[in-house]
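Novice: here are the coordinates; sequence isn't available:
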């Protein structure tokens with residue numbers, strides 16, 4: 001099975017390194033210093049169990065690669081529309097694109113069922129470029145629990161002692177390709193499970209992102225240095241309950257909304273969206289913050305605590321010049 005990791009940054013590079021360690025046929029699409037370093041000295045992934053060094057085929061020209069059975073897309077949500085055509089062209093005719101990202105994915109309502117089935121999220125997929133060039137029927141969801149950072153060009157550090165990846169098709173059907181991916185990654189140390197309810201997994205992670213991401217943007221601090229303040233911890237608990245209410249209104253089970261709070265309160269890892277703020281990179285404000293709140297409004301779920309904190313975090317990104325609001329976006333007139 002030919003696998004390409006599109007976006008060999010912190011998360012994508014980590015996955016590529018694990019796949020290479022499993023002797024998978026893997027290539028990466030990268031750019032700039034990261035690409036140059038991988039070509040020159042290989043891809044290095046530092047884990048709690050040791051260093052993984054590999055030399056995957058690396059390019060910034062996806063068209064130079066052969067058609068792929070699986071493209072693992074690990075770029076941030078704001079970049080997706082610009083590369084939609086390249087992803088689609090990179091896929092084998094019956095290939096799949098696995099999107100490893102935070103927040104609500106562009107394909108969320110594909111094969112959803114009920115009155116919202118087929119709803120377009122224009123804020124995440126303006127002009128339907130992902131819908132048309134990749135196709136939701138070829139999309140696979142993925143949720144990563146990996147605290148990773150690029151510590152030098154071509155060098156990625158995976159901080160967690162345990163790293164997990166949850167994958168699944170929007171329609172919940174079995175997929176032999178995903179089973180093969182899991183069989184490659186599990187022995188490498190990246191625990192990978194295939195679920196028929198990927199939206200549940202998305203919301204379980206999103207509850208942590210709604211809290212940890214927004215508070216990290218406001219504080220530029222790891223959550224262990226934020227959630228130890230009683231006033232903030234109380235607000236975070238209310239935010240978790242509101243996020244879980246949105247998920248349930250959409251027919252999802254996010255699990256115990258307070259379990260993630262316990263994990264966040266011990267985390268010394270700066271949330272990736274706050275890393276983007278510090279580095280001057282575009283931020284995943286829409287997928288992680290704005291669209292969930294629009295879905296809350298759509299489902300008539302009150303979210304006063306999320307509204308306040310996320311509006312402040314959005315303004316912080318806007319003031320830094322790293323977020324530009326778009327017109328609203330949930331189109332239910334399909």
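Specialist: Noted; the coordinates are in hand. Since we're looking at a predicted model, the values are computed, not measured.

Novice: contacts for stretch 315-327 next, please.
Specialist: Applying Cβ atoms under 8 Å, 6 or more residues apart in numbering, the contact partners of stretch 315-327 are 122-123, 126, 217-218, 276-277, 280-283, 285-286, 314. C-beta coordinates here come from the backbone N, C-alpha and C atoms, glycine included.

Novice: again, only this time at 7 Å
Specialist: 123, 126, 217-218, 277, 280, 282-283, 285, 314 (Cβ atoms under 7 Å, 6 or more residues apart in numbering).

Novice: now swap in stretch 18-35 and tell me
Specialist: With Cβ under 7 Å, 6+ apart, stretch 18-35 has contacts from 1-9, 16, 38, 52, 54, 56-60, 62, 65, 153-154, 184-185, 187-190.

Novice: make it 6 Å
Specialist: 2-6, 8, 16, 52, 54, 56-58, 60, 62, 65, 153, 184-185, 188, 190 (Cβ atoms under 6 Å, 6 or more residues apart in numbering).

Novice: which of those residues are buried?
Specialist: Neighbour-count burial (16 or more other Cβ atoms under 10 Å) applied to the contacts of stretch 18-35 gives 2-6, 8, 16, 52, 54, 56, 58, 62, 65, 184-185, 188, 190.

Novice: so which of those sit within helices?
Specialist: Cross-referencing those against helices under DSSP state H gives 16, 184-185.

Novice: quick check, nearest of those to residue 116?
Specialist: residue 185 (32.0 Å; Cβ to Cβ).

Novice: quick check, central residue of the chain?
Specialist: residue 101 (1.2 Å; Cα atoms, centre = their mean).

Novice: give the contact list for that residue.
Specialist: Contacts of residue 101 by Cβ under 6 Å, 6+ apart are residue 77.

Novice: please spell out which residues along the lengthiest strand in the chain are buried.
Specialist: For the chain, the longest strand by residue count, based on DSSP state E, is strand 91-100. Residues 91, 95-100 are the ones in strand 91-100 that count as buried (16+ other Cβ under 10 Å).

Novice: how about residues contacting stretch 245-255?
Specialist: Counting by Cβ under 6 Å, 6+ apart, residues outside stretch 245-255 touching it are 199-200, 203-204, 207, 244, 295-296, 299, 301.
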